[in-house]
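# coords please:
(one chain, ligands or ions: 1)
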Amino acid sequence: MTNQNVVASDAKSSRIRFIVRKSIFSPAVPNPLPAPSLAKKIETGGAAAKTNAWVDSMRDSSPTRVKSTASLSETEEKNSWILTHPSALSMFEQIANASKGKQIAMFLDYDGTLSPIVEDPDRAFMTNEMREAVRDVARCFPTAIVTGRCRDKIYSFVKLAGLYYAGSHGMDIKGPSKSQKYKKDHQALLFQPASKFLPMIDEVYKVLIEKTKSICGAKVENNKFCVSVHFRCVEEKMWAALVELVRSVLNDYPKLRLTQGRKVLEIRPTIKWDKGKALEFLLESLGYANSNDVLPIYIGDDRTDEDAFTVLRNRGQGLGILVSKVPKETNASYSLQEPAEVKDFLRRLVEWKRFSHGEACM
Ligand SMILES: O=P(O)(O)OC[C@H]1O[C@H](O[C@H]2O[C@H](CO)[C@@H](O)[C@H](O)[C@H]2O)[C@H](O)[C@@H](O)[C@@H]1O
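Here you go, the predicted structure:
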């Protein structure tokens, strides 16, 4: 680990309301519990109400932490949640069995999944051990990194050639630079559905850099097809001012929309594209558009990953794994607590593939 400040939890101050869900022990058992529509809450009411709704949502972690009105202790609540979102490590045998006769396709979020959440986004490095685990998994199964970050930046962190990279929340998809063994008629894959927004995103980035100078701790990051405004280091009493400022800038850009991740506001084009669409696009590119022969596994920690979990749930196929130490509202079926457990899960998959199948992954 370098000199990064690893952030323990994003949700310490959240109130708790317990939500009962049916048990989901089978990887693809449909049991949809849509995450509450933040957008709906935010888009109703006047300007002040909208700002308040944003600030409330900013206080929650991402995805929203499960809230309890009942008098359950946090331990009881956690135990109940883990029953409905069992650990992917403790359920490994069942997961391995579910993949029999199917091609696993691996989809990995980056921040909070492969690297710990740290204060400085430019220092969110993955460990060498994690890199080795991802490299080995990519030798066994088609593997994609699906991230809100700009594709070049994520490549500079991951530094592995044999992977698909879907940057800017899936708006910038590129296939492996090495020749790939999974697709028969390989053609270089590059898909950028929001390319016409590039000048607008660049302009908004510059405006936001200037305007946020008045808010101590705010950091603006250019993610090519989207912009992140980080508030992790902004005092909570300034969050409303920051949201108002960002929203006032966006008033001039009706073709852009505002969403939220972990202590970050995200400005994105209004196109109907997200990590879920990117997942579907990648499955199609791999030749598994309408196939039952594939088991997609998507691992992510953030509200933006819910789009991908929802796609898997709606397809009744594959498994979503939420990385979280605390109960959260999610469409994922399984959980892992932190990136170290993600690494263990990836390693187990590789071992299982190599030894149970008597097959070496090259
Ligand atoms: O889709 P992801 O790979 O999870 O990317 C989402 C955002 O991740 C980064 O921000 C998050 O991680 C930072 C470093 O740990 C942390 O400081 C920040 O608070 C988190 O929101 C990245 O900087 C953003 O651009 C991504 O959109």
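# mind telling me what element Val350 is part of?
Using DSSP states H and E, Val350 sits in helix 339-351.
# what about that helix and the ligand, any contact?
No. Counting by Cβ under 6 Å from any ligand atom, the ligand is not contacted by helix 339-351; separation bottoms out at 10.4 Å. For the C-beta atoms, the positions are set from N, CA and C on the backbone; glycine is no exception.
# tell me which residues of that helix come out buried.
For helix 339-351, the neighbour count (16 or more other Cβ atoms under 10 Å) marks 339, 341-343, 345-350 as buried.
# show me the shaky parts of this structure.
Counting by pLDDT under 70, the chain shows low-confidence ranges at 1-5, 7-45, 61-62, 67-71, 178-187, 358-362.
# contacts only, for the residue of the stretch 101-250 of the chain found nearest the ligand.
Nearest residue of the stretch 101-250 of the chain to the ligand: Gly148, at 2.7 Å (Cβ to the nearest ligand atom). Gly148 makes contacts with 111, 168-169, 223, 226, 228, 261, 266, 302, 304, as judged by Cβ atoms under 8 Å, 6 or more residues apart in numbering.
# among those, which ones lie close to the ligand?
111, 223, 228, 261, 266, 302, 304.
# interface residues of the stretch 1-150 of the chain facing the ligand?
109-112, 117-119, 121, 124, 147-149.
# redo that, cut-off 8 Å
7, 10, 62, 109-113, 115-124, 145-150 (Cβ under 8 Å from any ligand atom).
# now list the buried members of the residues you listed.
Here, 16+ other Cβ under 10 Å leaves 10, 62, 109-113, 115-119, 121, 124, 145-150 buried among those.
# which of these fall within strands?
Among those, DSSP state E puts 145-146 in strands.
# next step: the buried ones among the residues of the stretch 1-150 of the chain next to the ligand restricted to helices.
If you go by DSSP state H, these have nothing in helices.
# tell me where the stretch 251-362 of the chain has helices.
Per DSSP state H, counting those that start in this stretch, the stretch 251-362 of the chain carries helices over the ranges 275-285, 306-315, 339-351.
# related to what we said a few turns ago, ok, the buried residues of helix 339-351 vs the ligand, which is closest?
Closest to the ligand, out of all of those and judged by Cβ to the nearest ligand atom, is Pro339, at 10.4 Å.
# correct me, but that closest one touches Asp111?
No. If you go by Cβ atoms under 8 Å, Pro339 and Asp111 don't touch, sitting 9.6 Å apart.
# related to what we said a few turns ago, of all the helices of the stretch 251-362 of the chain, which one comes closest to Leu208?
helix 275-285 (22.8 Å; Cβ to Cβ).
# what does the closest one contact?
105, 107, 109, 144, 146, 164, 166, 169-171, 173, 175, 183, 189, 191, 289, 294, 296, 298, 300, 304-305, 307-308, 310-312.
# for the stretch 1-150 of the chain, what spans make up the strands?
103-108, 143-146 (DSSP state E, counting those that start in this stretch).
# would you mind telling me which of those is nearest Asp56?
Short answer: strand 143-146, nearest of these by Cβ to Cβ, at 27.6 Å.
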